[in-house]
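**Q** Below are the sequence and a predicted model for it; my questions follow.
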Amino acid sequence: MNLPNKLTIMRIIMVPFFILFMFLPFYEVNTARIIGCAIFVIASLTDMLDGKIARKYNLITDFGKFLDPLADKILVITAFICAGAIDTEHPWMQKAIAVTAAVIVFRELAVSGLRLVVASSPDAKVVAAAWLGKVKTVTQMVTVIVMLLEPVIFNRQYYVTPYLLAATAVMTLWSGADYFRVYWGYIDPSK
């Protein structure tokens, strides 16, 4: 088990702690947002770090190729669900977060299915992360951080988050469409 894979596993292990600290009844919601955001940022940094270490020291493994994107999905989707659930003062924001989370889940399931088809084809390939997928992940992570901290900083108000949610939905759909454009030949129903 190399260091990048340990960092990926650590990211997954941090998710239950994120959930726990977001919903512990011992402190008020702003404290929950701050602690949750700190855990999310640390977990997100492990994503950047494990990739850099794996590439620099040629520690890329099939286990890492499988687990790293899964860890990202678990972290981001959990963060969106928790951020929506914790905001009981703004029903419109809960709905906006829920719609964005649904877009993320839809895209991730579709791309995961595509990866399975491509990997099981006669000329099996591993569908590597494209640059649009990396931009999508960064956009999602920035959105989560702002979504958690903005109401703390601006007295329970949202100014930037709605625009970031829209950007996240667009980048999520765009990156998913790009995967289907590149690998359409593997699922083309006309063949």
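**A** Sure thing, it's come through. Numbering: from 1, shown residues only.
**Q** Just want the most central residue of the chain.
**A** residue 76 (3.1 Å; CA atoms, centre = their mean).
**Q** what's the neighbour count on residue 65?
**A** 16 (other CB atoms under 10 Å). Quick note: C-beta positions are derived from backbone N, CA and C, even for glycine.
**Q** Let me know the pLDDT of it.
**A** If you check residue 65, the pLDDT there is 83.
**Q** how about residue 124, secondary structure?
**A** Per DSSP: H, G, I helix; E, B strand; the rest coil, the local secondary structure of residue 124 is coil.
**Q** what's it sitting at in phi/psi?
**A** phi -50, psi 130 (degrees, to the nearest 10).
**Q** Without its sequence neighbours, what residue ends up closest to it?
**A** residue 118 (7.4 Å; CB to CB, 6 or more residues apart in numbering).
**Q** That neighbour is in what secondary structure piece?
**A** helix 91-119 (DSSP states H and E).
**Q** I'd like the next helix or strand past that helix.
**A** Following helix 91-119 in sequence, per DSSP H and E, is helix 131-153.
**Q** Just the buried residues of the helix or strand following that next one, please?
**A** As assigned by DSSP H and E, the chain's next helix or strand after helix 131-153 is helix 161-183. Going by neighbour count (16 or more other CB atoms under 10 Å), the buried part of helix 161-183 is 161, 164-165, 167-169, 171-172, 175-176, 178-179, 183.
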